[in-house]
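Chemist: Sequence isn't available, so here's the structure alone:
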Ligand SMILES: Cc1cc2nc3c(=O)[nH]c(=O)nc-3n(C[C@H](O)[C@H](O)[C@H](O)COP(=O)(O)OP(=O)(O)OC[C@H]3O[C@@H](n4cnc5c(N)ncnc54)[C@H](O)[C@@H]3O)c2cc1C
């Protein structure tokens with residue numbers, strides 16, 4: 001498709017990656033983001049080798065790496081606190097780190113600044129009121145009273161996607177998995193140069209995200225999906241780590257700031273049917289929100305963005321491009337959602353225990369394939 005006027009709904013990781021890929025392909029891009037503050041919570045995210053490659057494809061690798069903390073290995077620990085393995089992870093971009101940890105705010109800044117520098121119009125505090133696809137284009141009425149006409153609308157509006165509900169009401173909603181995840185930042189301990197993973201009833205990880213900081217994540221069974229008020233978060237997170245390895249207990253004792261604890265019930269959805277209707281297409285968590293057990297949710301959203309822009313460049317019409325995009329993405333995204341969910345269910349006894357090492361190795365083998 002030639003230069004098109006494209007609306008992206010959602011200024012998160014997937015929407016901003018799509019903005020960059022589509023702008024580089026010569027399209028005109030407007031991003032609308034519902035949150036007027038465009039806020040992002042202050043912990044980090046793991047971005048593995050395929051994401052480093054994807055950032056290279058988006059043309060933002062150097063700024064991305066400047067804001068991140070590279071690492072080339074994963075260390076596995078057992079509940080006693082003993083290290084049982086240090087597994088090197090191969091890089092997909094020669095001369096660059098295999099994987100990185102990065103603060104979510106730092107990642108948003110890299111992607112947001114790049115999208116703006118390439119010419120994206122980003123409008124905050126705005127969402128879609130109505131969409132009318134008449135076959136030749138989509139007329140959009142915005143929540144602020146404005147309107148626009150677009151060749152394509154991309155719904156990158158996350159797991160509870162409004163655009164998914166509008167175009168594919170039959171696709172369903174994310175489901176609670178039975179687990180929650182707790183996160184907290186710490187100063188980076190000397191010598192911590194890898195992702196540290198602690199296996200056990202409460203899965204724990206330490207992720208380097210800058211020269212000065214790491215974040216700790218802990219996945220816990222949360223039967224009944226309880227609500228935790230802010231005032232109880234630090235004590236609740238410490239209590240989840242009571243039986244953790246000694247070095248994790250030492251960190252847990254420092255969890256005192258309720259406002260700095262980020263708790264989230266884990267939910268998942270994979271849309272098995274269509275991912276688009278007419279001139280409106282979905283990407284990222286809107287079609288495949290995964291639990292974080294393989295650290296690949298954002299990676300899949302970023303790859304979606306690149307593939308979508310590529311297929312629009314090859315096809316004469318949006319529907320052909322959207323079908324080719326879904327075809328290229330379907331199995332990879334399904335694998336990530338299903339395998340992550342299997343690990344989650346295995347940890348809480350809702351399914352057979354999954355060999356985490358093998359699942360991780362399988363994941364790396366799969367995502368290292370070209371997108
Ligand atoms: C606990 C946890 C840990 C994770 N850890 C990792 C990890 O280590 N590595 C990894 O790769 N992935 C990880 N993920 C997954 C990752 O966060 C998501 O896959 C990723 O954020 C998806 O990006 P997205 O742009 O599709 O959606 P989102 O990040 O949810 O962004 C959607 C955006 O759209 C906006 N929006 C929503 N509705 C509307 C609307 N109606 N109109 C306009 N704007 C709207 C939202 O405000 C938001 O800015 C994790 C997820 C969880 C829950």
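Modeler: The structure has been received and is ready for your questions. All values derive from a computational prediction rather than experimental measurement.

Chemist: What helices and strands are in contact with the helix or strand hosting residue 66?
Modeler: With secondary structure defined by DSSP states H and E, residue 66 is part of helix 61-67. Contact here means 3 or more C-beta pairs under 8 Å, 6 or more residues apart in numbering; DSSP states H and E; on that basis helix 61-67 packs against helix 49-58, strand 99-103, helix 104-117. Any C-beta I mention is one placed from the backbone N, CA and C, and that applies to glycine too.

Chemist: So for residue 43, which of these sits nearest?
Modeler: Closest approach to residue 43 among those (C-beta to C-beta): helix 104-117, 6.4 Å.

Chemist: average model confidence for the closest one?
Modeler: Helix 104-117 comes out with an average pLDDT of 97.

Chemist: Next: stretch 148-156.
Modeler: For stretch 148-156, mean pLDDT is 98.

Chemist: who's in contact with residue 214?
Modeler: Contact analysis of residue 214 by C-beta atoms under 8 Å, 6 or more residues apart in numbering lists 44, 101, 185, 186, 187, 188, 189, 192, 206, 207, 208.

Chemist: can you list the residues of the stretch 101-250 of the chain near the ligand?
Modeler: 127, 156, 157, 158, 162, 181 (C-beta under 6 Å from any ligand atom).

Chemist: Out of those, which sit inside strands?
Modeler: Judged by DSSP state E, the subset of those located in strands is residue 181.

Chemist: In a markdown table: the residues of the stretch 101-250 of the chain next to the ligand, plus neighbour count.
Modeler: Output for these, formatted as a markdown table (neighbours: other C-beta atoms under 10 Å):
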| residue | neighbour count |
| --- | --- |
| 127 | 17 |
| 156 | 31 |
| 157 | 28 |
| 158 | 22 |
| 162 | 17 |
| 181 | 21 |
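
Chemist: got a list of what the most centrally placed residue in the chain touches?
Modeler: What sits nearest the mean C-alpha location of the chain, by C-alpha atoms, centre = their mean, is residue 298, with 2.2 Å. Residue 298 makes contact with 13, 14, 45, 47, 51, 107, 284, according to C-beta under 8 Å, 6+ apart.

Chemist: sec struct for it, please.
Modeler: helix (DSSP: H, G, I helix; E, B strand; the rest coil).

Chemist: Now the residue of the stretch 51-200 of the chain found nearest the ligand. Nearest residue, chain neighbours left out?
Modeler: In the stretch 51-200 of the chain, the residue that lies nearest the ligand is residue 158 (2.8 Å; C-beta to the nearest ligand atom). Nearest non-adjacent residue to residue 158, counting by C-beta to C-beta, 6 or more residues apart in numbering: residue 285, 4.7 Å away.

Chemist: Can you identify the helix in this protein that spans the most residues?
Modeler: Using DSSP state H, we find that the single longest helix of the chain is helix 318-347.

Chemist: Could I get the buried residue list for the host helix or strand of residue 164?
Modeler: Here residue 164 sits within helix 162-167, counting by DSSP H and E. Within helix 162-167, the residues that count as buried by 16 or more other C-beta atoms under 10 Å are 162, 163, 164, 166, 167.

Chemist: list the contacts for the first one?
Modeler: By C-beta under 8 Å, 6+ apart, the contact set of residue 162 is 9, 127, 128, 155.

Chemist: next one: the last one
Modeler: In this structure, residue 167 makes contact with 131, 155, 276, 277, 278, 280, 282, judged by C-beta under 8 Å, 6+ apart.

Chemist: One more: the fourth one?
Modeler: Taking C-beta under 8 Å, 6+ apart as the contact definition, residue 166 lies against 128, 131, 280.

Chemist: Now the second one: which helix or strand?
Modeler: Which is residue 131. Of the helices and strands defined by DSSP H and E, residue 131 is found in strand 128-133.

Chemist: Taking helix 318-347 as reference, get the angle to that strand.
Modeler: 130 degrees (axes from the mean of the first three to the mean of the last three C-alpha atoms, to 10 degrees).

Chemist: as a whole number, average confidence for strand 128-133?
Modeler: In this model, strand 128-133 has a mean pLDDT of 98.

Chemist: which residue ranges form the helices in the stretch 101-250 of the chain?
Modeler: Ranges of helices in the stretch 101-250 of the chain, per DSSP state H, counting those that start in this stretch, are 104-117, 162-167, 233-240, 246-252.

Chemist: Let me have these in a markdown table, extended by distance to residue 333.
Modeler: Output for the helices of the stretch 101-250 of the chain, formatted as a markdown table (distance: least, C-beta to C-beta, whole Å):
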| stretch | distance to residue 333 |
| --- | --- |
| helix 104-117 | 20 |
| helix 162-167 | 14 |
| helix 233-240 | 30 |
| helix 246-252 | 32 |
